[in-house]
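Engineer: coords below, sequence missing:
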């Protein structure tokens, strides 16, 4: 994380052509940075004023104003073989050139002019960066700012934050940023290409004794404002030693950040272990439940099998009983048939015996009939 701090004091200055006095603010400025991966000695590129990791800054103090700027290079370029700090430093150096003027420099003009210089020089192959530029009017105490991305500044007065910039994000972890693309990536629609004109322009007023802290997201994402206030209040004692003190404060804030990240890491590890243990218990419960379900299924299958066996036995028994009954019925029917056949045979014998009598009777009747007929004829 990188930060630039300014302490505002005031002094009276007599104007040469007038008897009136103007209040004039004195600005005491200091910078400090704590790179994640410090460069080995002698490897710092010439464009970099000091080793700030992927960050960069500039400070310009003029009689009527002070200008400050900070940039946070996007670290993702490292994976493509580009040094993220080069674009950030080139942007800040060009912004400082644009701010060096006798007229009043507007922070938005500084940001636009600085970015255009980077593009026109074409010395940086690729890179992108957030940026926050502010100018302090030493006469009125007005602070003008232009901010693009998630860097920014706060104003501290009497132990409280009286002003804080707003960040610009496309979505989580994708802040607005100024970019220079290599030729092979210029036609890729997924690249974030923001304009300095997208920056948030704002202003506020400072008073004697106020402290301005300008920093990258490495500061704001890891340290609470209250912690910054506490460190500043306990450390800034002599204005003349502000540079040394700011570096000490920044180091303490960085150590605090590391402790918090380690604590969060340990907490995450503990949570992970709890989750693993919870999952283990859950799996054991699942296995026990699965065993119980399997046992219940086996018992249910056995019960079904027993029911099927019992049903089959009952069916076989019923079938046997039915066969016996059918056999008995068949035997009875056969006996009835035999009896009927015997009766029919007796009847046939009787008919044979009575047949001659029937014949005789028939003959007699015929004779009688014949006689009767003859008598009739004779009578006629």
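Structural biologist: Happy to help now that I have it. As the structure is a prediction and not an experimental result, all values here were calculated from the model.

Engineer: the strands in the stretch 101-250 of the chain, which residues?
Structural biologist: Using DSSP state E, counting those that start in this stretch, the strands of the stretch 101-250 of the chain run over residues 127-137, 142-148, 152-157, 160-164, 169-171, 174-175, 178-180, 200-205, 211-215.

Engineer: Number of residues surrounding the nearest residue to residue 50 once chain neighbours are set aside?
Structural biologist: The shortest distance from residue 50 to any non-neighbouring residue, by CB to CB, 6 or more residues apart in numbering, is to residue 33 (7.1 Å). C-beta here means a position set from N, CA and C on the backbone, and glycine is covered the same way. Here the number of neighbours of residue 33 (other CB atoms under 10 Å) works out to 22.

Engineer: The residue nearest to residue 155 when sequence neighbours are not counted - how many residues pack around it?
Structural biologist: Excluding the flanking residues, the one nearest residue 155 by CB to CB, 6+ apart is residue 163, at 4.0 Å. Residues lying near residue 163 (other CB under 10 Å) number 18.

Engineer: Can you name the residues that contact residue 163?
Structural biologist: Taking CB atoms under 8 Å, 6 or more residues apart in numbering, we find residue 163 in contact with 143, 154-155, 204.

Engineer: If we use 10 Å, what do you get?
Structural biologist: 143, 145, 153-157, 202-206, 210, 212 (CB atoms under 10 Å, 6 or more residues apart in numbering).

Engineer: go on, residue 132?
Structural biologist: Going by CB under 10 Å, 6+ apart, residue 132 touches 4, 57, 68-72, 107, 111, 145-153, 165, 167, 199-200, 214-216.

Engineer: please redo it, this time with the cut-off set to 8 Å
Structural biologist: 69-71, 145-149, 151-153, 165, 214.

Engineer: is it possible to export those to a markdown table including distance to residue 91, neighbour count and pLDDT?
Structural biologist: Below are the contacts of residue 132 laid out as a markdown table (distance: CB to CB, whole Å; neighbours: other CB atoms under 10 Å; pLDDT from 0 to 100):
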| residue | distance to residue 91 | neighbour count | pLDDT |
| --- | --- | --- | --- |
| 69 | 8 | 28 | 96 |
| 70 | 10 | 31 | 97 |
| 71 | 5 | 32 | 96 |
| 145 | 16 | 24 | 97 |
| 146 | 13 | 25 | 98 |
| 147 | 14 | 26 | 98 |
| 148 | 11 | 26 | 97 |
| 149 | 12 | 27 | 96 |
| 151 | 12 | 29 | 95 |
| 152 | 16 | 24 | 96 |
| 153 | 17 | 24 | 96 |
| 165 | 18 | 21 | 94 |
| 214 | 15 | 27 | 94 |
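
Engineer: Going by distance to residue 28, which of these wins?
Structural biologist: Nearest to residue 28 out of those is residue 214 (CB to CB; 13.7 Å).

Engineer: what's the distance between the closest one and residue 29?
Structural biologist: Going from residue 214 to residue 29 by CB to CB, to the nearest Å gives 10 Å.

Engineer: just residue 76 next, same as before
Structural biologist: 31 Å.

Engineer: Which residue of those two possesses the greater neighbour count?
Structural biologist: The neighbour comparison of residue 76 against residue 29 (other CB under 10 Å) goes to residue 29, with 19 against 10.

Engineer: and that one, what element?
Structural biologist: strand 21-33 (DSSP states H and E).

Engineer: That strand - contacts with which helices or strands?
Structural biologist: Contacts defined by 3 or more CB pairs under 8 Å, 6 or more residues apart in numbering; DSSP states H and E place strand 21-33 against strand 2-14, strand 55-61, strand 65-73, helix 242-379.
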